[in-house]
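Asker: Structure for this input, please:
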Amino acid sequence: MARSRIVQYDRATGAEVSCNFAASGRFPAWERKEPMSSTPKAEPVPHAHTPAPAAVPGEIVLARYRLGQRLGAGGMGVVYLARDEHLEREVAVKRIAVEHDLDGRGEREAIAAARLSHPGIVALYESGRDDAALYLVSELVRGRTLAELERSGELSDRDVVRIGMTLCGALEHAHARGVIHRDVKPSNIICPDEPEGGGGVAKLTDFGIARMADSDVLTRTGDIIGTLAYMAPEQARGERLDGAADVYALGIVLYEALAGVNPVRAGNPAATARRVGMQLPALGRVRRDLPPPLCRALDAAVLPEPAERTSLPVLRAALSAAADHVSDVAGPIAGGGADLAVVSPRAPTAVTRRRAAPAPPAPPRHERRRARPVPAFVPAEASERAPLPGLVARLGAAVAAAALAAAALAWLGPEPPLQALVGACVAGAAVLLLPRLGWLLVAAALLGWLAVAAPGVALLVALSAAPVPVLLVRRGTAWSLPALAPLLGVAGLAGAWPSLAGQAARWPARAALGALGGWWLALAEALTSERLLAGPAPGVAPRDAWEGSTLDAAREALWPLLSAGALAFAVLWALAAMLLPLLVRGRSAALDLIGAAAWAATLGAATQALAEALLLDPPRGLVAGALGAGVIAVAARAVRGRA
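Answerer: Residues are numbered from 1 along each chain as shown. Below is the predicted model of the structure:
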């Protein structure tokens with residue numbers, strides 16, 4: 001089995017902390033190597049480079065660049081302010097000593113940067129080497145890194161969104177030229193003090209571990225280079241990468257800037273490594289004031305599977321649409337105490353809770369910045385789209401209630417007080433205005449009429465309506481949905497109902513809808529004496545024998561129905577609807593097809609076995625219902641997206 005190694009360093013002690021792990025992504029115990037003492041007893045290494053002398057301010061390198069003050073240092077080299085004596089301009093010179101560039105990372109950075117020319121990428125002017133070091137000469141960007149701005153609390157949500165738009169464009173440019181950065185993180189993003197026009201609010205730098213599409217840059221030892229807290233899962237597994245790895249890293253960067261906490265980073269490298277590849281908590285749970293489309297786009301950017309992540313153009317479009325609907329008030333994000341849930345995709349039912357690292361101590365009063373308030377407004381896009389699902393649900397509930405009222409008036413009683421069309425309009429209007437109260441009023445009116453016209457029928461209708469408000473107490477718009485089960489039975493597709501019930505968001509609602517559909521189907525078979533699934537239970541008398549008496553209905557229809565065990569179908573459908581999302585989860589089309597096929601086949605076999613055990617007729621439309629259930633399950637998940 002292929003194995004890779006991630007190497008991180010303890011900044012406090014200098015110790016090397018490494019982890020060897022298999023391509024499956026499971027991380028065993030980490031190894032720790034303490035730094036060598038000042039007087040190591042080791043054999044001399046043949047062909048080792050003699051340490052090169054450090055650069056001297058005022059020194060001229062590459063025959064034209066005079067080094068000045070030191071600006072900073074990275075993993076391999078030191079960056080100096082320098083002056084180009086030929087063109088008389090200031091530049092930045094990164095000096096990489098030869099003993100620090102044994103794997104050729106400096107050369108790769110030069111090759112990668114030379115391919116790129118974009119306002120969101122630090123431009124490389126020249127590269128060269130001498131006996132002591134390799135030099136990368138780039139434009140001088142006066143500013144601070146995104147990491148520094150986040151720590152000081154000087155960014156607004158709008159700043160973060162615009163930075164994200166620029167970085168999307170920069171990475172699109174790099175990917176189009178065959179360059180994958182592989183180390184997108186806040187410290188590699190420079191925000192100029194004076195942004196240029198045309199998208200210069202941020203600049204991506206440090207292409208030292210970039211991968212070119214036409215070359216292989218895996219190191220000789222198999223070490224995985226990058227930063228764990230921003231590393232895509234496939235990069236941590238040592239797999240060959242594409243642009244999706246940069247999308248993931250950028251998504252983490254923007255998530256952290258908006259939420260105030262990195263959802264992957266933990267207290268030590270080992271704990272962080274265990275979180276790499278886990279499904280992250282939705283950004284909308286941490287920042288409920290952000291536009292929902294923006295949160296969904298960033299959630300899609302950090303999905304564990306590369307093929308499921310959003311693309312850079314889609315992410316940039318979402319950022320652009322949200323730019324005018326987010327706060328422009330600068331201030332820190334109080335993310336230190338955020339309680340985040342991290343869900344492992346390998347164990348969909350296992351949820352672990354973690355507490356983010358404690359917030360840093362408050363700065364002195366004279367240095368405190370105004371905290372960023374939660375915007376009191378509702379973004380225009382959200383306000384336009386949010387009412388739509390509720391309105392559609394109400395319209396659906398009104399139409400279903402109208403259809404039920406019309407069917408009851410036309411079929412259940414001998415002389416209806418209203419014409420079926422008029423009663424349907426009244427019922428639909430009542431449910432549209434007041435979904436739950438209107439439904440209860442319509443049910444009460446129908447029962448009052450049936451109690452006089454057909455008391456036995458009123459008993460069965462009351463027993464069908466009574467459990468609905470109890471089991472679906474907060475879902476008034478779904479109270480008429482169980483009627484679809486007998487309607488599907490008329491078409492010979494009753495077995496497809498558990499698939500429809502399984503589309504509810506929470507398992508109690510799925511179980512309730514599945515059971516209610518089975519219960520309504522059994523009562524409909526008793527009322528009609530028709531075989532909608534397995535037919536009326538043995539001993540159920542025809543409707544003419546008991547519709548005029550409540551007592552007769554209880555003795556000749558209800559009791560045989562209950563004693564025959566016909567409600568077992570309701571229990572089976574409740575279990576099937578409850579378990580469906582665990583098998584059809586939207587991770588991939590192939591897995592969904594396999595899961596839906598297994599689920600539908602099991603449901604059909606269980607239905608057949610149950611009918612035989614209860615001595616009922618063979619289920620009607622067993623194969624068609626199972627096929628319909630599978631198709632509905634796959635199609636619904638494809639439309640709704642990943643669970």
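Asker: distance of the residue lying closest to Leu409 once chain neighbours are set aside from Leu441?
Answerer: Nearest residue to Leu409, sequence neighbours excluded (Cβ to Cβ, 6 or more residues apart in numbering): Pro416, at 4.1 Å. For glycine as for every other residue, the C-beta is placed from the backbone atoms N, C-alpha and C. Going from Pro416 to Leu441 by Cβ to Cβ, to the nearest Å gives 17 Å.
Asker: I'd like the average pLDDT over stretch 470-487.
Answerer: In this model, stretch 470-487 carries a mean pLDDT of 89.
Asker: Centre of the chain to that stretch, how far?
Answerer: The chain centre lies 29 Å from the centre of stretch 470-487; the measure is Cα atoms, centre = their mean, to the nearest Å.
Asker: same deal with stretch 142-157?
Answerer: 27 Å.
Asker: for the stretch 501-643 of the chain, which spans come out with low pLDDT?
Answerer: Low-confidence segments of the stretch 501-643 of the chain (pLDDT under 70): 587, 640-643.
Asker: got the residue ranges for the helices in it?
Answerer: 507-528, 550-553, 559-563, 568-583, 589-613, 622-640 (DSSP state H, counting those that start in this stretch).
Asker: Kindly reformat those as CSV containing mean neighbour count and distance to His181.
Answerer: Formatted as CSV, those follow (neighbours: other Cβ atoms under 10 Å; distance: least, Cβ to Cβ, whole Å):
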stretch, mean neighbour count, distance to His181
helix 507-528, 24, 41
helix 550-553, 18, 74
helix 559-563, 15, 67
helix 568-583, 22, 36
helix 589-613, 17, 30
helix 622-640, 19, 32
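Asker: looking at those, which is closest to Ala405?
Answerer: Judged by Cβ to Cβ, the one of the helices of the stretch 501-643 of the chain that comes nearest to Ala405 is helix 507-528, at 15.4 Å.
Asker: Please name every helix or strand in contact with that closest one.
Answerer: Packing contacts for helix 507-528, counted by 3 or more Cβ pairs under 8 Å, 6 or more residues apart in numbering; DSSP states H and E, involve helix 455-465, helix 467-471, helix 484-490, helix 497-501, helix 559-563, helix 568-583.
Asker: Nearest the middle, which residue of the chain would you pick?
Answerer: Within the chain, one residue has its C-alpha closest to the average C-alpha position: by Cα atoms, centre = their mean, that is Asp299, at 4.5 Å.
Asker: What sits closest to that residue if chain neighbours are left out?
Answerer: Ala282 (5.4 Å).
Asker: Am I right that Ala92 falls within a strand?
Answerer: Yes - under DSSP: H, G, I helix; E, B strand; the rest coil, Ala92 sits within a strand.
Asker: about what we covered before: looking at Pro416 and Leu441, which is more packed in?
Answerer: In terms of neighbours (other Cβ atoms under 10 Å), Pro416 is the more surrounded of Pro416 and Leu441; the figures are 19 against 15.
Asker: That one and Gly423 touch, don't they?
Answerer: Yes - using Cβ atoms under 8 Å, Pro416 is in contact with Gly423, at 7.0 Å.
Asker: I'd like the distance between Arg555 and Ala545.
Answerer: Distance, Arg555 to Ala545, by Cβ to Cβ: 10 Å.
Asker: next one: Leu523
Answerer: Leu523 is 16 Å from Ala545, by Cβ to Cβ.
Asker: Over to Trp411?
Answerer: 18 Å.
Asker: May I ask which helix or strand of this protein has the lowest mean pLDDT?
Answerer: strand 351-355 (a mean of 32; mean pLDDT, DSSP states H and E).
Asker: Once you drop chain neighbours, what's closest to Arg70?
Answerer: Tyr80 (5.7 Å).
Asker: Ok, Ser117 next?
Answerer: Using Cβ to Cβ, 6+ apart, the nearest residue to Ser117 is Ala123, at 6.7 Å.
Asker: Please apply the same query to Val56.
Answerer: Counting by Cβ to Cβ, 6+ apart, the residue nearest Val56 is Leu67, at 7.4 Å.
Asker: tell me, what's touching Pro416 and Gly423 both at once?
Answerer: Any residue near both Pro416 and Gly423 by Cβ atoms under 8 Å, 6 or more residues apart in numbering counts here, and that gives Leu409.
Asker: What count of nearby residues applies to the closest residue to Lys94 other than its chain neighbours?
Answerer: Take Lys94 and drop its neighbours on the chain: the residue closest to it by Cβ to Cβ, 6+ apart is Leu136, 4.3 Å away. Leu136 has 25 neighbours, counted by other Cβ under 10 Å.
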